[in-house]
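Test case, fold it:
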Amino acid sequence: MNVLLVDVDSKIPNLALMKIASYHRGMGDTVGFRVSDPKKIYASVVSKKNRHRVDGLRFLYPDAEIDIGGTGYDIHKVLPEEIEHQSPDYSIYVDCDRYLGFTSRGCIRNCPFCYVPKKEGRFHRIYDSAKEALDHIIGNFVGRWKQVELLDNNILADKEWFMEVSQEIMSREWRVDFNQGLDIRLLDEEIAQRLAELRPIRDWKFAFDNSSYEKAVMDGIDLLNANGVDVRNRCLFYVYCDGDYQYDDAVYRCRRLKEKNALAYVMMNAENNTTKRTRALKRWTRPQIFWTIDIDDYKVRA
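Okay, the predicted model is just below:
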């Protein structure tokens with residue numbers, strides 16, 4: 001059977017599609033992004049604003065069975081068990097240069113803009129050991145890369161698990177990226193020391209989404225610096241701005257980060273309309289601008 005995959009808008013290799021590819025190859029099917037005359041089609045939509053881009057599939061392939069998923073299409077839809085437990089087939093993404101996967105699911109937080117609690121529930125491990133988790137993420141692609149991108153939504157919610165997973169990564173001499181960021185409210189000295197020991201693929205990412213936990217962010221920055229993590233050059237702090245009504249608070253959070261020599265990066269709600277000043281705020285957090293001038297001066301020049 002010919003199986004066509006459609007990746008509508010993923011910014012990184014799509015894990016679900018890689019698992020689907022692995023399952024169908026195991027069944028002897030022909031599967032990929034350029035398969036002709038497909039009998040089955042899987043499409044993934046990450047962002048709601050792009051869900052219209054799959055509307056034409058049923059007209060283009062009237063005889064094919066079409067299965068559409070992704071958080072942008074249906075946050076409640078999950079892969080069938082027989083596919084979910086597959087290791088990824090990285091070969092469908094020719095430019096992929098790292099392993100990707102989850103070692104845990106869910107989150108202990110309930111942020112109003114986040115779909116994770118609705119989709120995955122409370123934080124829970126999905127493997128019995130870190131070794132099992134990483135071996136499954138590797139699958140049949142043993143020895144291909146020395147770096148892994150973990151998609152866990154809040155791995156610090158279980159400190160013991162974080163320490164075990166990070167120790168296994170260090171034992172393999174891998175570089176690592178925690179794609180969804182790390183919860184600075186859960187940071188302690190032991191975790192900060194481990195981050196200083198790990199080899200990041202990119203900057204360590206944290207969030208400062210609400211002024212209510214400002215003290216935790218400021219204390220966390222001090223803790224990172226004290227334990228050898230170069231906050232200015234190796235960390236990035238996401239500042240969420242839901243809409244124009246939150247502009248002043250977002251500016252305040254950015255300035256507080258700048259005072260602590262920490263880089264801010266404004267994240268906007270893609271579902272809400274932006275304004276001239278929220279767009280300027282996002283542009284201002286580009287490093288070369290952020291470190292040079294204040295937002296008020298930037299708005300005058302912009």
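
you'd agree Val6 is in a helix?
No. Read with DSSP: H, G, I helix; E, B strand; the rest coil, Val6 is strand and lies in no helix.

excluding its backbone neighbours, what's nearest it?
Distance criterion CB to CB, 6 or more residues apart in numbering; nearest residue to Val6, sequence neighbours excluded, is Ala43 at 3.8 Å. In short, each C-beta sits where N, CA and C put it, glycine included.

got it, and Glu82?
Leaving aside its sequence neighbours, Glu82 is closest to Tyr23 (6.6 Å, by CB to CB, 6+ apart).

That neighbour: neighbour count?
Tyr23 has 21 neighbouring residues, counting by other CB atoms under 10 Å.

Which helix or strand lies directly C-terminal to the one helix or strand it maps to?
Here Tyr23 sits within helix 15-26, counting by DSSP states H and E. The helix or strand immediately downstream of helix 15-26 is strand 30-32, counting by DSSP H and E.

What are the buried residues along that next one?
Burial within strand 30-32, assessed by neighbour count using 16 or more other CB atoms under 10 Å, is assigned to 31-32.

which helices and strands sit right next to it?
Counting contacts by 3 or more CB pairs under 8 Å, 6 or more residues apart in numbering; DSSP states H and E, strand 30-32 is packed against strand 2-7, helix 15-26.

still on that earlier bit, could you grab the helix/strand/coil label for the residue nearest to Val6?
Following three-state DSSP, Ala43 is assigned to strand.

Quick check: bridge partners of it?
On the basis of DSSP bridges, Ala43 is bridged to Val6, Ile68.

Let me see the domain layout of the chain.
Annotated domains of the chain cover 1-77, 202-302 [automatic domain parsing].

Please save the CA atoms from stretch 167-185 in CSV.
Written as CSV, here are the backbone C-alpha positions of stretch 167-185 (Å, rounded to 0.1, in the frame of the first residue of the first chain):
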residue,chain,number,x,y,z
GLN,A,167,23.0,11.5,33.6
GLU,A,168,22.2,8.9,30.8
ILE,A,169,22.7,11.7,28.2
MET,A,170,26.1,12.6,29.8
SER,A,171,27.2,9.0,29.9
ARG,A,172,26.6,8.8,26.1
GLU,A,173,28.5,12.0,25.6
TRP,A,174,25.5,13.6,23.9
ARG,A,175,24.5,17.2,23.5
VAL,A,176,20.9,18.0,24.5
ASP,A,177,18.1,20.5,23.9
PHE,A,178,15.0,20.6,26.1
ASN,A,179,12.7,21.8,23.3
GLN,A,180,9.8,23.0,25.5
GLY,A,181,12.0,24.8,28.0
LEU,A,182,12.7,24.3,31.7
ASP,A,183,10.5,25.5,34.5
ILE,A,184,12.7,28.0,36.4
ARG,A,185,10.3,27.8,39.4
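
Much appreciated, bye for now.
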